[in-house]
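Undergrad: prediction below, plus the sequence it came from.
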2 protein chains.
Amino acid sequence: MTKQDKPALILIDIQKGFEDEDIKYWGGRRNNLDAETNARKLLDFWRQNNLPIFHIQHCSTHPKSKFVEGKPGNEFQDIIKPNVGEQIIKKNVHSAFIGTDLKQQLDKSIIKKLIIVGLTTDHCISTTARMAADYGYDTFVVSDATAAFDKEGADGQKYSADIIHGTALASLHKEFVTVLTTKELKTEIDI
Amino acid sequence: MTKQDKPALILIDIQKGFEDEDIKYWGGRRNNLDAETNARKLLDFWRQNNLPIFHIQHCSTHPKSKFVEGKPGNEFQDIIKPNVGEQIIKKNVHSAFIGTDLKQQLDKSIIKKLIIVGLTTDHCISTTARMAADYGYDTFVVSDATAAFDKEGADGQKYSADIIHGTALASLHKEFVTVLTTKELKTEIDI
């Protein structure tokens, strides 16, 4: 991948609501607390190289959500706070492509490669990555720049955040996207 | 749920290619060999009650795929073969909503509730269910009428088909859809 490919960094839902360690709200613990730090490393790299950046901001329509506009949880985390002039795209559902103009913006700028980071692996990351791949974008998901929470199935079976994270990525890898680490991605980009 | 709600049964990719026990091709074994039998039970129920049925047929554009049109694997499995007059929607990607008129057909018929069954849990079922939910359909995924294959992550970690199936459903449940069994669904529908 080269700078001429104009790969876009898509930062999904890295908002203050996810800083909150409210186990009852989240249904369990989160894995990979380094996700935001790794996303920031990539954001620095993208900024230094003047590559396209899209900040996706989840704006929930559920009154009880931490992500309703106006609530503190809706704000971007300080570590990835958008710079003036960086594109912000607000969404109301899991996919960054539904109810937004993300696709039109990417296509207008002739962007064909997407690097997806953010939260959470099995919800908004997975949904956006699947649609990106199905739309034909060459898509990469950065495994150590995303994270998940513990989950319980309808049958009562419990799964750790690590298993949810690992299986979500395994289901995406090769079939929809290329999964790789922050370090592997920086080696991959020939700038 | 009542008959007046006109819930649609969406049968995804129940095609002969998935009957093939080619471990090398699939990357491992499949779980829940009863998925097609359970899908058929629901199909019988939908036919008896004259409820809307959509057969989704995967038509791959990858020359080596078993699902390329004209290859035996592209045909519907005998157990759920569409009756004359039942709607068939062909797709080329994982989501039954991308590159098809499924959404237009559902909205034209004022269908708001979707019951999703078929193959495979973590690929086309999960992708279609996520988009259905994000579009605002009240969506149900029938856990014992879908199935998955073993998977390996980019990091070499191996996951059994049962874990892939269970975690895929746990990530969908309550967040995107209601996951329930064939038996629970038949109890749920008040006809």
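TA: It's in.

Undergrad: quick check: buried residues in the helix or strand of chain A with the lowest mean pLDDT?
TA: The helix or strand of chain A with the poorest confidence is helix A:23-26; it has a mean of 85 (mean pLDDT, DSSP states H and E). Burial within helix A:23-26, assessed by neighbour count using 16 or more other C-beta atoms under 10 Å in any protein chain shown, is assigned to A:Trp26. No exception for glycine: its C-beta is placed from N, CA and C like everyone else's.

Undergrad: equivalent analysis for stretch A:95-113, please.
TA: By 16+ other C-beta under 10 Å, the buried positions in stretch A:95-113 come out as A:95-98, A:100, A:102, A:106, A:111, A:113.

Undergrad: now the two most distant members of the residues you listed.
TA: For the buried residues of stretch A:95-113, the maximum inter-member distance is 21.1 Å, found between A:Ile98 and A:Lys113 (C-beta to C-beta).

Undergrad: can you list the residues of chain A near chain B?
TA: Selection of chain A residues close to chain B by C-beta under 8 Å from any C-beta of the partner chain yields A:93-95, A:98, A:122-123, A:126-127, A:130-131, A:133-135, A:143, A:151-155, A:157, A:159, A:163-164, A:166-171, A:173, A:175-176, A:178-180.

Undergrad: all helices for chain A, in order.
TA: A:23-26, A:35-48, A:102-108, A:126-135, A:161-172, A:182-188 (DSSP state H).

Undergrad: poorly predicted segments of chain A, please.
TA: Filtered on pLDDT under 70, chain A yields the residue ranges A:191.

Undergrad: list the residues that contact the residue of chain A most remote from its centre.
TA: No residue in chain A sits farther from the centre than A:Asp155, which is 28.4 Å out by C-alpha atoms, centre = their mean. Going by C-beta atoms under 8 Å, 6 or more residues apart in numbering or on different chains, A:Asp155 touches B:143, B:166.

Undergrad: repeat the analysis, applying 10 Å as the threshold.
TA: Neighbouring residues of A:Asp155 by C-beta atoms under 10 Å, 6 or more residues apart in numbering or on different chains: B:143, B:166, B:169-170, B:173, B:179-181.

Undergrad: now swap in A:Phe45 and tell me
TA: A:Phe45 touches A:9, A:51, A:182, A:185-186, A:189, A:191, counting by C-beta under 10 Å, 6+ apart.

Undergrad: also A:Gly73?
TA: Here A:Gly73 is in contact with A:15-20, A:22, A:25, A:58, A:60, A:65-67 (criterion: C-beta under 10 Å, 6+ apart).

Undergrad: circling back: now, of the contacts of A:Phe45, which are buried?
TA: A:9, A:51, A:182, A:185, A:189.

Undergrad: surely the first one and A:Leu43 touch.
TA: So the one you mean is A:Leu9. Yes: judged on C-beta atoms under 10 Å, A:Leu9 makes contact with A:Leu43 at a distance of 6.6 Å.

Undergrad: now list whatever residues contact both of those two.
TA: With C-beta under 10 Å, 6+ apart as the test, A:Leu9 and A:Leu43 both reach A:53, A:55, A:86, A:117, A:145.

Undergrad: list the ones among the residues you listed that fall in strands.
TA: Assigned to strands by DSSP state E, the following of the shared contacts of A:Leu9 and A:Leu43 qualify: A:53, A:55, A:117, A:145.

Undergrad: between those, which is nearest chain B?
TA: Using C-beta to the nearest C-beta, A:Ala145 comes nearest to chain B of these, at 13.5 Å.

Undergrad: quick one, what contacts the closest residue to A:Ile23 other than its chain neighbours?
TA: Distances taken as C-beta to C-beta, 6 or more residues apart in numbering or on different chains place A:Arg29 nearest to A:Ile23, at 6.4 Å, with adjacent residues excluded. By C-beta under 10 Å, 6+ apart, A:Arg29 lies in contact with A:21, A:23, A:148-150, A:160-162.

Undergrad: from those residues, which would you call buried?
TA: So, by 16+ other C-beta under 10 Å, the buried ones in these are A:148-150, A:160-161.

Undergrad: what is the nearest of those to chain B?
TA: Among the buried ones among the contacts of A:Arg29, A:Ala148 lies closest to chain B (C-beta to the nearest C-beta), at 8.3 Å.

Undergrad: separation between that closest one and B:Ala170?
TA: A:Ala148 is 11 Å from B:Ala170, where distance means C-beta to C-beta, to the nearest Å.

Undergrad: which neighbours do the two share?
TA: Common neighbours of A:Ala148 and B:Ala170, using C-beta under 10 Å, 6+ apart, are A:122, A:159, A:163-164, A:167.

Undergrad: out of those residues, which one sits closest to B:Gln4?
TA: Closest to B:Gln4 out of those is A:Asp122 (34.6 Å), distances taken as C-beta to C-beta.

Undergrad: contacting residues for the residue nearest to A:Val142 when sequence neighbours are not counted?
TA: Leaving aside its sequence neighbours, A:Val142 sits nearest to A:Val117 (C-beta to C-beta, 6+ apart; 4.9 Å). Each residue near A:Val117 by C-beta under 10 Å, 6+ apart is listed here: A:9-12, A:14, A:35-36, A:38-43, A:80, A:125, A:140-146, A:182, A:185.

Undergrad: picking that back up, kindly supply the ChimeraX command isolating those of the contacts of A:Asp155 that are buried.
TA: Filtering the contacts of A:Asp155 down to the buried ones (16+ other C-beta under 10 Å) takes a single ChimeraX command:
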select /B:143,166,169,170,173,179,180
